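Trainee: okay, sequence plus prediction incoming.
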Amino acid sequence: MNPDLDALKPYPFERLAALRAGVTPPAELAPISLTIGEPQHAPYAGALEALQASQADFARYPATAGSAELRQAIADWARHRFGLDGLDPDTQVLPVNGTREALFAFVQAALDRTRPAKVAMPNPFYQIYEGATLLAGGEPYYLDCNTESGFRPDIEAVPADVWRQVQIVFLCSPGNPTGAVTPLAEFQRLIELADEHDFLIASDECYSELYLDETSPPPGLLEACAALGRHDYRRCLVFHSLSKRSNLPGLRSGFVAGDAGLIAPFRRYRTYHGSAMALPVQHASIAAWRDESHVRANRDAYREKFDAVTRILAPVMAFPTPEASFYLWPAVPGGDDEGFTRELLRHANVSVLPGSYMGRPAPDGPNAGINPGSGRLRLALVAEPQATAEAARRIRDFIERRL
């Protein structure tokens, strides 16, 4: 087997299962899980109807590039959402089987292991960034997201000699797990650094449609390119998904868009990889990308839950003001995120994810040995409003009884 497989760390939910072993929750309380970022809202009905109506197309092989109709629907959505002057559906858009698969595959295709191959990523982070880097023979370089940096990567703190070894930078905006949004100016500064030091930018924007202020949608990397007059999106790719936007995580549908010079070889890689999207899934995806009413309703539902949960937890927990995504990132009273997680399950039958499971200790520098996720929890507010509010009440009661 590939020896790089041995470098892969246990997934956060493997570690959580081990932490929970031997814990007996109170039987009188129904279990509530805030661990996995799997939307529990109803999937977009129009997509399911399109999927049902096109089942006969399962008898046909799909093309790696997807149908012209799907690429056009994606390009139309992205142009409207991010104010782009143009996005060529034939050369700058590639449908993918969810962002998880595409993020991982892109690193395998793009990383040149014959020269220094650092991949910079936010810390804490979505573990696919690290796993993709390790399996491609690269070296993760962690950009801590903490209170001092506004829970965003501090790109100005990276030394020039490190930038010269970086081949890819991952961004996640809105952030998982912090919910922080990267401002347009920070995207543009990173583009400037990419030109100076010759690296690629991969922006994971799968939470871009779950924002709390309806008048202020999060900006994106291609939007930053367009504002600079950079309509070829050179060095830049964005990754989007229907999983969160349309409550369709099981559909495994998303897209990559940006630099045509990156899309073409990535498409060639995927042709060999066997990653074509099934035609019925493409029909369902077209329906979802062409409808915004269900997305607005989805945001309304999350906004209601954030309002309820923050009112309940704010008196007993400190957390950054949520901007977007469906996560809350509170500090744990006492600082022991693992112990809190285990005892919360034991006493309140509420499952949460320790923040330390999503981060890594810095290997050197002023924060050496410090895991920026330690002492925090990731709460995924994905359940129905009543269950989510009940979980928050149990957490508050648990904290107040410990004080």
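Mentor: Sure thing, it's come through. Numbers count the residues shown, from 1 in each chain.

Trainee: who's in contact with the residue nearest to residue 51 when sequence neighbours are not counted?
Mentor: Of all residues not flanking residue 51 in the chain, residue 284 sits nearest, at 4.1 Å (CB to CB, 6 or more residues apart in numbering). Any C-beta I mention is one placed from the backbone N, CA and C, and that applies to glycine too. Shown in contact with residue 284 (CB atoms under 8 Å, 6 or more residues apart in numbering): 47, 48, 50, 51, 54, 248, 251, 253.

Trainee: and residue 284, how far from residue 5?
Mentor: Relative to residue 5, residue 284 is positioned 34 Å away (CB to CB, to the nearest Å).

Trainee: tell me where this protein has helices.
Mentor: For the chain, helices defined by DSSP state H occupy the ranges 12-20, 45-53, 68-82, 99-110, 127-135, 160-163, 184-197, 221-227, 242-245, 260-273, 279-289, 293-313, 337-348, 385-402.

Trainee: residue 174 is nearest to which of those?
Mentor: helix 242-245 (9.8 Å; CB to CB).

Trainee: which residues are contacting that closest one?
Mentor: 37, 39, 44, 47, 98-99, 206-210, 248-249, 251-254, 285, 288-289, 295, 298, 325-326.

Trainee: one more time with 10 Å, if that's ok
Mentor: Here helix 242-245 makes contact (CB atoms under 10 Å, 6 or more residues apart in numbering) with 37-39, 41, 43-44, 47, 77, 98-100, 174, 176, 206-210, 248-255, 281, 284-285, 288-289, 292, 294-295, 298-299, 302, 325-326, 382.

Trainee: so which of the contacts of residue 284 wins on neighbours?
Mentor: residue 253 (29 neighbours; other CB atoms under 10 Å).

Trainee: next, the contact list for that residue, please.
Mentor: When contacts are taken as CB under 10 Å, 6+ apart, residue 253 is in contact with 47, 66, 70, 95-99, 240-243, 246, 277-278, 281-282, 284-286, 288-289.

Trainee: confidence score at the closest residue to residue 132 other than its chain neighbours?
Mentor: Using CB to CB, 6+ apart and skipping residues adjacent in sequence, the residue nearest residue 132 is residue 107, 3.9 Å away. For residue 107, the pLDDT comes out at 98.

Trainee: hang on, isn't residue 210 packed against residue 298?
Mentor: Yes - the pair residue 210 and residue 298 passes the contact test of CB atoms under 10 Å, sitting 7.2 Å apart.

Trainee: mind listing what residue 249 touches?
Mentor: 36, 37, 38, 39, 43, 98, 100, 241, 242, 243, 382.

Trainee: could you redo the last one with a cut-off of 6 Å?
Mentor: When contacts are counted by CB atoms under 6 Å, 6 or more residues apart in numbering, residue 249 touches 38, 243.

Trainee: from one end of stretch 350-360 to the other, what's the distance?
Mentor: Taking CA to CA, to the nearest Å, stretch 350-360 runs 25 Å from one end to the other.

Trainee: identify the residues contacting that stretch?
Mentor: 12, 15, 32-35, 123-124, 142, 177, 337-338, 341, 344-345, 371-374, 376-379, 391, 394.

Trainee: return the distance of it from the chain's centre.
Mentor: 15 Å (CA atoms, centre = their mean, to the nearest Å).

Trainee: which stretches of the chain have low pLDDT?
Mentor: By pLDDT under 70, the low-scoring segments of the chain are 365-366.

Trainee: in JSON lines: the helices of the chain, plus distance to residue 1.
Mentor: As requested, those are exported to JSON lines (distance: least, CB to CB, whole Å):
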{"stretch": "helix 12-20", "distance to residue 1": "19"}
{"stretch": "helix 45-53", "distance to residue 1": "36"}
{"stretch": "helix 68-82", "distance to residue 1": "36"}
{"stretch": "helix 99-110", "distance to residue 1": "16"}
{"stretch": "helix 127-135", "distance to residue 1": "11"}
{"stretch": "helix 160-163", "distance to residue 1": "31"}
{"stretch": "helix 184-197", "distance to residue 1": "34"}
{"stretch": "helix 221-227", "distance to residue 1": "35"}
{"stretch": "helix 242-245", "distance to residue 1": "30"}
{"stretch": "helix 260-273", "distance to residue 1": "19"}
{"stretch": "helix 279-289", "distance to residue 1": "31"}
{"stretch": "helix 293-313", "distance to residue 1": "41"}
{"stretch": "helix 337-348", "distance to residue 1": "31"}
{"stretch": "helix 385-402", "distance to residue 1": "41"}
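
Trainee: now residue 153: how far from residue 276?
Mentor: 33 Å.

Trainee: same question but for residue 390, I mixed them up
Mentor: 43 Å.

Trainee: in stretch 248-261, what counts as buried?
Mentor: 248, 249, 251, 252, 253, 254, 255, 256, 257, 258, 259 (16 or more other CB atoms under 10 Å).

Trainee: report the distance from it to the chain centre.
Mentor: 13 Å.

Trainee: try stretch 4-21
Mentor: 19 Å.

Trainee: follow-up on the earlier one: the buried residues of stretch 248-261 into a markdown table, with extra columns for distance to residue 84?
Mentor: Listed next are the buried residues of stretch 248-261 as a markdown table, based on distance: CB to CB, whole Å:
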| residue | distance to residue 84 |
| --- | --- |
| 248 | 24 |
| 249 | 26 |
| 251 | 25 |
| 252 | 25 |
| 253 | 21 |
| 254 | 18 |
| 255 | 14 |
| 256 | 15 |
| 257 | 9 |
| 258 | 11 |
| 259 | 13 |
